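Q: Fold the following for me, if possible:
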Amino acid sequence: FIAIVINGLHLLYLILTHQFQYNYVKSYSDTTLELFYLISTFYAGQEGSFMLWMFYGALLGLFVIRTAKEYEAPVMTVLTLSQAFLLSMIMGIQVPGIGVIGSDPFALVMGEVPKEGDGLNALLQNPWMVIHPPTLFLGFSSLIVPFSFAIAALWKNKYDDWVRPALPWILFSAMTLGAGIMMGGYWAYKVLGWGGYWGWDPVENSSLVPWLMIVALLHTTLVQRKRGSLKRFNLFLAILAYSTILYSAFLTRSGVLGDTSVHSFTDLGLYNQLLAFCLVFFGGGLLLLFWRLRSIQSIQYADSIYSREFFLFCGSLVLMLIGLVVLAGTSTPLIDQILGRPITKIEPDFYNKTTLPMAIMIGLLSAIGQVIWWKKNTLDNLVKNLAIPLSLAMAFTSVLVVFGMKDWGMMLLSLTAAFSLFANGQVFLKVAKNNLRFAGGALTHVGVGLMLLGIVASGKYDESRFVELPIGHP
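A: Numbering: from 1, shown residues only. Next comes the predicted model:
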């Protein structure tokens, strides 16, 4: 940790003092940048962002090493292995028979030292550049902790207790990564001109997919903690969540998406290293899971389909499927490259059509699941408690139809989104009266309902025009 901090402070010093004889400083900064933007050039390139990722990994390790208890040795082994791979990305050393390993952030400019740097991309000179990438990378980095606990459980052959120390980290990852994604969406809306807050760009998808996986894991770990079931599924999700982070890093940093993404990194010769990083963690995690599969005994229980656990599992399964569909679309350029076909970019329409049915399911499940969570799981109780929210949702959707909504898919999504909004709003008001501490889940799902309604309004029914503005004409 101390070595990483010293390394980072040294690079920051070179940036702040405009040492343009260093290639990284010359490539991303200049003497005209304001202080905050000058500091943000630290993580504007590949090498600096890897150093930020390493810093967060080491910082989180200081907390984990004090709290992991009996899981400390295997958890810290996995976390430190991840740090070793990240370190290899910035080594920049020549190895005989292999070539250059990593890209050196302290490499010198060849030839004459320039008097001025290339500067920061104009699109990046925005206040969100100061807070969005650090937040996003904190989310990226924190996903190693649930992964490490899952591997530790498989390593020690103990599958009951790992979710308890891992759950706060799962929550932390979902929160920080989700916050980073929302910042990025707002930034895109303000600056990039995609025609909205979300363009299904591969680089943006690469942060969305792991977030969907960790949110799915958040729900199913609650089931395991309460009932002792879904142990295998939870271990798989924990492995998948961090593995998709690594795969996303491979897609966006290997140069594969250079022609299909507006802000993919260029290839710096890290293709093989990034691929090895993915294969070691995803392949190693899956092999360990399959090896231990027979020894993982989940508690089986007979329960009705009206149980809270059933709906939590279904919701998590849908979230995972959305993530896998988005990942498949994002991987198309890589698949084309492997098969020797012309590289194509999947258009937003593909994602909109394939995720629409699953978004409808999310609205429905987030409404019913939360009501069941706080009420006895009988059909009569369920119908009684959902009657008012469903009636309000139907009335709301009817008003939208009267005002011109004709698309059946949008009608269904609006109906289930409004259903989720009203059902969770009802639960939130009831729970908050007794104890506000327990109202977080309902409030979060109120947000899900609002978000889905916002997606309907802005994604389908917004209007945009392209106009030319000649100089001198109002």
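Q: can you pull out the helices in the stretch 351-474 of the chain?
A: 379-402, 408-434, 440-460 (DSSP state H, counting those that start in this stretch).
Q: Check the stretch 101-250 of the chain too.
A: 128-142, 144-156, 163-187, 202-227, 231-253.
Q: Run through who's touching the second one.
A: Contacts made with helix 144-156 from outside it, assessed by Cβ atoms under 8 Å, 6 or more residues apart in numbering, are listed as 57, 60, 64, 68, 70-71, 74-76, 78-79, 82, 159, 161-163, 165-166, 169-170, 173, 214, 217, 234-235, 238-239, 241-243, 281, 285, 288-289, 291-292. From N, CA and C alone the C-beta is placed, and that goes for glycine too.
Q: repeat that for 7 Å
A: Helix 144-156 is contacted from outside by 57, 60, 64, 71, 74-75, 78-79, 82, 159, 162, 165-166, 169-170, 173, 217, 235, 238-239, 241-242, 285, 288-289, 292, using Cβ atoms under 7 Å, 6 or more residues apart in numbering.
Q: For it, the averaged confidence score.
A: When pLDDT is averaged along helix 144-156, the result is 96.
Q: ditto for the third one
A: When pLDDT is averaged over helix 163-187, the result is 93.
Q: which strands and helices sit next to that helix?
A: Here helix 163-187 touches helix 128-142, helix 144-156, helix 202-227, going by 3 or more Cβ pairs under 7 Å, 6 or more residues apart in numbering; DSSP states H and E.
Q: Let's see that with 10 Å instead.
A: Secondary-structure packing of helix 163-187 (3 or more Cβ pairs under 10 Å, 6 or more residues apart in numbering; DSSP states H and E): helix 46-67, helix 128-142, helix 144-156, helix 202-227, helix 231-253, helix 440-460.
Q: list the helices and strands the helix or strand containing Thr80 packs on?
A: For Thr80, the host element (DSSP states H and E) is helix 72-88. Helices and strands touching helix 72-88, as assessed by 3+ Cβ pairs under 10 Å, 6+ apart, comprise helix 2-16, helix 46-67, helix 128-142, helix 144-156, helix 231-253, helix 271-278, helix 284-292.
Q: Which of these sits closest to Pro105?
A: helix 46-67 (3.6 Å; Cβ to Cβ).
Q: Could the C-alpha coordinates of that closest one be exported in CSV?
A: Written as CSV, here are the backbone C-alpha positions of helix 46-67 (Å, rounded to 0.1, in the frame of the first residue of the first chain):
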residue,chain,number,x,y,z
GLN,A,46,-4.5,3.4,-19.3
GLU,A,47,-1.5,3.4,-17.0
GLY,A,48,-3.0,5.9,-14.5
SER,A,49,-6.3,4.2,-14.3
PHE,A,50,-4.6,0.9,-13.5
MET,A,51,-2.7,2.7,-10.8
LEU,A,52,-6.0,4.0,-9.4
TRP,A,53,-7.5,0.5,-9.5
MET,A,54,-4.4,-0.8,-7.6
PHE,A,55,-4.7,2.0,-5.0
TYR,A,56,-8.3,1.1,-4.3
GLY,A,57,-7.5,-2.6,-4.1
ALA,A,58,-4.7,-2.0,-1.6
LEU,A,59,-6.9,0.4,0.4
LEU,A,60,-9.7,-2.1,0.6
GLY,A,61,-7.3,-4.8,1.5
LEU,A,62,-6.3,-2.9,4.7
PHE,A,63,-9.9,-3.1,5.8
VAL,A,64,-10.5,-6.7,4.7
ILE,A,65,-7.4,-8.0,6.5
ARG,A,66,-8.8,-6.7,9.8
THR,A,67,-12.3,-8.1,9.3
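Q: chain center to it, what's the gap?
A: 17 Å (Cα atoms, centre = their mean, to the nearest Å).
Q: mind showing which ranges of this protein have poor pLDDT?
A: Filtered on pLDDT under 70, the chain yields the residue ranges 192-197, 258-269, 300-306, 373-378.
Q: related to what we said a few turns ago, CSV please, covering the helices of the stretch 351-474 of the chain and showing distance to Ala44.
A: Below are those laid out as CSV (distance: least, Cβ to Cβ, whole Å):
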stretch, distance to Ala44
helix 379-402, 43
helix 408-434, 37
helix 440-460, 29
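Q: Tell me which of these is the most buried.
A: Comparing these by mean neighbour count (mean count of other Cβ atoms under 10 Å), helix 408-434 ranks first with a mean of 20.
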